[in-house]
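Q: Make a model of this:
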Amino acid sequence: MKLIYFALSVVLVAVVSAFPSEKTDNPILSLLPKIREECKTESGVSDEILTKLDNFEVIEDHAGKCFKKCLCQKAGACSEDSKVFEVPLLKALPHLPEAKVNEFVPICNKIVENEPCDQHYARYRCLLEHIPEMKVKLDATPVTEAPKERFEGFNKFKSECIEETGVSTEIVEKVVKHELITDHNGKCFKKCMCTKLGFCTKDYQLDIEAITSKRTDVPLEKLKAASPECNAIKTGTDECETMYDRYTCFLKHVPEIGRDHTSPVPKEKTEITQFRADCKNETGATDEIIDKILKHQVIEEHSGKCFEKCLCRKIGLCNDNLEYDVEAIKVNVPELPYDKLKEAAPECNVIKEGSDDCEMIYNRYKCFVSHLK
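A: As a prediction, the model looks like this:
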């Protein structure tokens, strides 16, 4: 049977002990189809939006938000003003970490929006961000997301190379993290992966064009400069040793190879300087206003707020929904307190006040700044 994914409020039923289910020990699930249909009818939500909600995608659709509010209230998990209750939550989903629930439910309940459905949805997204264990399947088992592959086929090749070389799990972890090793099986694992991923030629030279086609964060010029020296190395006792010696040579000259490319990459200072100039031209913000923004001083000028939006997007500190990416901020502005930013994100990133995107993102920005004081 195809599993249907649904969000937290779908499963929060506090008063269903009188409705036992024949298929599960959790009586809550027996009411889900009935409640779901009622809320679908009352909210008028489309099947397309329901699918997005079932997959935990962020939505802007008002009917979808009202659908979520309806579910939560019919389940007895929310009050009329969308205040979430800790006890029903833990009763419905006993696998949730109680400490997280007790910590973040009060925080998320503080979020205020002008419209009731918007307010409920903002609180729901806040909880989901801090308590990802709330994602459950139809049978109430937690959803575990597949790890992001470093490259297409990476996980498949990794399993094949482990089997072919007999390398230990401990060594594999070191190799994947680009830590230096002496283990021969580990070096053969590296050669195997390099070949399967297409990063090595048939004679086990590193193919710099292939590397930069998939690793855009690695500077091509540095690779070209290192290639004559590194790819000429023949010091190893066998192909595994030789290829690994070539790899470590490249790693010495081009340390960017050892960076986890799936994580945010810090922008170069020259890039940021250019971004500032571009945003100044695009928004018409004056040097005086820009100076205030960079010093985290409050401004009223609309051009300055648009400058903040422009710079945030160009550097990559904001996503397409103009939500601040805490991980990207951590990488590009490491001096800011990461813990405070992470704590502020659920509250600040759901702010919708503002006559346009510039006003809205600046209100979010001010919210983050207030948490850093």
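Q: low-scoring stretches of this protein, by residue?
A: By pLDDT under 70, the low-scoring segments of the chain are 1-30, 92, 136-152, 216-217, 259-271.
Q: Share the number of residues neighbouring the nearest residue to residue 272 once chain neighbours are set aside, please.
A: Nearest residue to residue 272, sequence neighbours excluded (CB to CB, 6 or more residues apart in numbering): residue 315, at 6.3 Å. Glycine gets a C-beta too; all of them are placed from N, C-alpha and C. Close neighbours of residue 315, defined as other CB atoms under 10 Å, add up to 20.
Q: for residue 51, same thing?
A: There are 12 residues near residue 51, going by other CB under 10 Å.
Q: Output the helix or strand it falls within as PDB - backbone C-alpha positions only.
A: Assigned by DSSP states H and E, residue 51 falls within helix 47-54. The C-alpha trace of helix 47-54 is given here as PDB (Å, rounded to 0.1, in the frame of the first residue of the first chain):
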ATOM      1  CA  ASP A  47      -5.200  18.000  -4.200                       C
ATOM      2  CA  GLU A  48      -2.000  19.600  -5.500                       C
ATOM      3  CA  ILE A  49      -1.500  21.500  -2.200                       C
ATOM      4  CA  LEU A  50      -2.400  18.400  -0.200                       C
ATOM      5  CA  THR A  51       0.400  16.500  -1.900                       C
ATOM      6  CA  LYS A  52       2.800  19.300  -1.000                       C
ATOM      7  CA  LEU A  53       1.700  19.200   2.600                       C
ATOM      8  CA  ASP A  54       2.000  15.500   2.700                       C
END
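Q: So which elements touch the next helix or strand after that helix?
A: Scanning forward in sequence from helix 47-54 by DSSP H and E, the next helix or strand is helix 62-74. If you count contacts as 3 or more CB pairs under 8 Å, 6 or more residues apart in numbering; DSSP states H and E, helix 62-74 packs onto helix 8-11, helix 32-43, helix 47-54, helix 116-130.
Q: other SSEs contacting the helix holding residue 51?
A: Using 3+ CB pairs under 8 Å, 6+ apart: helix 47-54 touches helix 62-74.
Q: swap the cut-off to 10 Å and go again
A: Secondary-structure packing of helix 47-54 (3 or more CB pairs under 10 Å, 6 or more residues apart in numbering; DSSP states H and E): helix 8-11, helix 32-43, helix 62-74.
Q: So which of these is nearest residue 249?
A: Nearest to residue 249 among these is helix 8-11; the distance by CB to CB comes to 51.5 Å.
Q: Please name the residues that touch residue 163.
A: Residue 163 makes contacts with residue 192, as judged by CB atoms under 10 Å, 6 or more residues apart in numbering.
Q: Name the SS class of it, please.
A: Under DSSP: H, G, I helix; E, B strand; the rest coil, residue 163 falls in the helix class.
Q: Could you do residue 236 as well?
A: At residue 236 the chain is in coil, as set by three-state DSSP.
Q: domains of the protein?
A: 27-134, 148-258, 283-372 (the TED database).
Q: picking that back up, distance of the residue nearest to residue 272 from residue 280?
A: 14 Å (CB to CB, to the nearest Å).
Q: and what of residue 184?
A: Distance from residue 184 to residue 280, counting by CB to CB: 56 Å.
Q: next one: residue 220
A: Counting by CB to CB, the gap from residue 220 to residue 280 is 30 Å.
Q: Tell me which of the two has more neighbours.
A: Ranked by neighbour count (other CB under 10 Å), residue 220 and residue 280 place residue 280 first, with 18 against 15.
Q: Let me see the contact set for the residue nearest to that one when sequence neighbours are not counted.
A: The shortest distance from residue 280 to any non-neighbouring residue, by CB to CB, 6+ apart, is to residue 290 (6.4 Å). Applying CB under 10 Å, 6+ apart to residue 290 gives the contacts 276, 279, 280, 283, 299, 303, 304, 307, 308, 311.
Q: Give me the buried subset of these.
A: Neighbour-count burial (16 or more other CB atoms under 10 Å) is assigned, among these, to 276, 279, 280, 283, 299, 303, 304, 307, 308, 311.
Q: Could you export those as a markdown table, including secondary structure?
A: Shown next, in a markdown table, are those (three-state DSSP):
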| residue | secondary structure |
| --- | --- |
| 276 | helix |
| 279 | helix |
| 280 | helix |
| 283 | helix |
| 299 | coil |
| 303 | helix |
| 304 | helix |
| 307 | helix |
| 308 | helix |
| 311 | helix |
